[in-house]
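Q: Got a predicted structure here, sequence first:
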Amino acid sequence: MLNFLRENIRVIRKLIVNQFGAAFLALLLAFTSVRISASVYLITSILSVLFLLYLDYATLWEEGAKARIRVDDNRDVYKPHTGLWLGIAASAPNLLLGILAALFTLIHQITSVEWCGFAGGVCAVIGRLWQAMYMGILQSIAPGGKYIMLLIPIPVILLCWAAYRLGYGNFRLLGGAKQKK
């Protein structure tokens with residue numbers, strides 16, 4: 001696993017920077033749109049998520065295409081789940097914050113230990129800021145949902161897996177296969 005992280009740290013870093021950029025964009029949009037209406041806030045949140053998904057798709061599609069070149073030149077072997085592992089590695093902060101928030105909240109609900117409730121709230125706030133692009137959607141779907149943060153990383157992870165495979169197969173979602181010259 002450490003070798004995988006060393007080999008792919010550039011891509012993982014790029015995916016994390018993509019998330020930071022999308023979260024920053026979402027926070028900027030949220031400051032203005034939340035005052036207009038809940039519908040506008042939801043729309044800007046959806047657009048921020050789509051922006052993140054597009055950035056991650058483009059990044060992983062390119063990595064899949066590069067992997068295909070290395071495999072065709074016999075410099076590497078095909079690893080079909082590389083995109084999945086890259087998505088999981090890049091979503092590690094999201095997963096960690098979601099698990100910690102859920103765990104501390106569950107412990108607080110069962111035992112009524114105050115510091116667990118506080119720790120769960122802190123993890124949830126940090127997680128919502130880090131995943132700011134989802135805040136408008138969460139506000140519409142489950143405003144008080146304590147465990148919904150566990151589901152947030154799933155679309156990005158699945159998209160990374162699919163984008164890598166599509167890049168490896170030289171197939172684009174918009175436009176089909178690239179034309180050979």
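A: Structure received.
Q: The most centrally placed residue in the chain and A92: what is the separation?
A: Nearest to the mean C-alpha position of the chain, by C-alpha atoms, centre = their mean, lies V156 at 4.0 Å. Remark: distance between V156 and A92 (C-beta to C-beta, to the nearest Å) = 11 Å. For the C-beta atoms, the positions are set from N, CA and C on the backbone; glycine is no exception.
Q: do G144 as well
A: Going from G144 to A92 by C-beta to C-beta gives 26 Å.
Q: The two: which has the busier surroundings?
A: A92 (12 against 6; other C-beta atoms under 10 Å).
Q: so who does the more buried one touch?
A: Remark: with contacts taken as C-beta atoms under 8 Å, 6 or more residues apart in numbering, A92 is in contact with nothing.
Q: Q131 now?
A: Q19, A23, N94, L97, M149, I152.
Q: tell me the least confident of those residues?
A: Least confident entry in these, by pLDDT: M149, with 86.
Q: for it, what are its contacts?
A: N94, L97, G98, A101, A102, A124, G127, R128, Q131.
Q: May I see these arranged in TSV, with secondary structure and distance to L138 as well?
A: Formatted as TSV, the contacts of M149 follow (DSSP: H, G, I helix; E, B strand; the rest coil; distance: C-beta to C-beta, whole Å):
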residue	secondary structure	distance to L138
N94	helix	13
L97	helix	14
G98	helix	12
A101	helix	12
A102	helix	14
A124	helix	11
G127	helix	10
R128	helix	8
Q131	coil	9
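Q: Now do the strands in this protein.
A: Taking DSSP state E, the strands of the chain run over residues 171-172, 176-177.
Q: looking at those strands, which one has the lowest mean pLDDT?
A: strand 176-177 (a mean of 55).
Q: where does the residue nearest to S140 when sequence neighbours are not counted land on pLDDT?
A: Using C-beta to C-beta, 6 or more residues apart in numbering and skipping residues adjacent in sequence, the residue nearest S140 is L42, 5.0 Å away. The score at L42 is 92. That number is its pLDDT.
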